[in-house]
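Q: build the 3D model from these lines:
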Amino acid sequence: MGINKILIFIIVLVILVVTLGYKQGSRYLPMVYHKKDALRVACVGDSITYGARVKVRKLNSYPMQLQRLLGKDYYVENFGASGHTLMSSGDRPYISNKSFHLSQEFNPDIVVIMLGTNDAKKMNWTSVDEYIKDYKALISYYKTLASKPQIYIMTPPKAFPLQGESTVKFDIKNAAIEEMASAIKQLSEAEGIGLIDLNATISNHPEFFTFDGVHPDAKGASHIANTVFQSLIASK
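A: Reported below is the predicted structural model:
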């Protein structure tokens, strides 16, 4: 077999492996990235978790980068739902999205939640009390799963005005995000669950948000993945 034929064979084989992996319903080709008995990590969130605006999302979203950091002993799945809120009074509640139900069916050992950016839109924001009430309800859904997962709640990142603009896109209010961040810290203590303070680690990095000031790029997703990774490893 000539060299050209060998190269063509390898390329076709790679395409078949990738295609079969996605057809099997995995976003991350589990036969490549994790062991059969790997710990299952459900990344719950909105478009920032989903990887909107990240180039080659299926490779560079934060859950995918987290998968590579954690290695084969973990199986990370992305349950991000773009445009959704934590609060049930919001225009698109996460608990009404299929990703919420799929995240429970996934039977996770670990759940990482980051929701709040869409709640901070002027049309959605009501009060931090309502936000925390619904956050407690969301946490309770995962606490009652048979897998009894470890739960981590993550403070949402600050949103940035684009250069030359005075307001943030999508009418997102940073004052509301700051209220959420403070309340989430208190909630983690009250519920006895893990806290990942992303807001504190990413607020001085507007360079990660150059597209629209709200959605991080691949480097920003890498920062999120590393922040989550450090928290998960520290608690082992």
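Q: centroid-nearest residue for the protein?
A: In the chain, the residue lying closest to the centroid (Cα atoms, centre = their mean) is T49, at 2.9 Å.
Q: what's the pLDDT at that one?
A: Listed pLDDT for T49 reads 98.
Q: helix/strand/coil for E178?
A: helix (DSSP: H, G, I helix; E, B strand; the rest coil).
Q: how close does it sit to S203?
A: Using Cβ to Cβ, to the nearest Å, we find E178 at a distance of 10 Å from S203. For the C-beta atoms, the positions are set from N, CA and C on the backbone; glycine is no exception.
Q: shaky segments in this structure?
A: For the chain, the stretches with pLDDT under 70 are 1-33, 236.
Q: could you pull out the helices in this structure for me?
A: Ranges of helices in the chain, per DSSP state H, are 3-23, 30-33, 47-50, 57-60, 62-70, 98-105, 128-143, 174-191, 198-202, 218-234.
Q: out of those, flag the one nearest G83.
A: helix 47-50 (6.3 Å; Cβ to Cβ).
Q: quick one on the thing from earlier: just put the helices of the chain in CSV and tack on distance to M87.
A: Converted to CSV, those look like this (distance: least, Cβ to Cβ, whole Å):
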stretch, distance to M87
helix 3-23, 33
helix 30-33, 33
helix 47-50, 16
helix 57-60, 26
helix 62-70, 23
helix 98-105, 14
helix 128-143, 5
helix 174-191, 10
helix 198-202, 18
helix 218-234, 22
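Q: compare these and report which one is nearest to V111.
A: helix 128-143 (4.9 Å).
Q: would you mind giving the orientation angle of the closest one with respect to helix 98-105?
A: Counting by axes from the mean of the first three to the mean of the last three Cα atoms, to 10 degrees, helix 128-143 lies at 40 degrees to helix 98-105.
Q: for helix 128-143, which outside residues touch it?
A: Helix 128-143 is contacted from outside by 86-89, 94-95, 100, 104, 108, 111, 113, 115-116, 119, 149, 151, 153, 176, 179-180, 183-184, 187, 191, 193, using Cβ atoms under 8 Å, 6 or more residues apart in numbering.
Q: narrow those to those that are buried.
A: 86-87, 94-95, 100, 104, 108, 111, 113, 115-116, 119, 149, 151, 153, 176, 179-180, 183-184, 187, 191, 193 (16 or more other Cβ atoms under 10 Å).
Q: quick one: T201 from V228, how far?
A: For T201, the distance to V228 - Cβ to Cβ - is 11 Å.
Q: the more surrounded of those two?
A: Per other Cβ atoms under 10 Å, whichever of T201 and V228 has more neighbours is V228, with 26 against 16.
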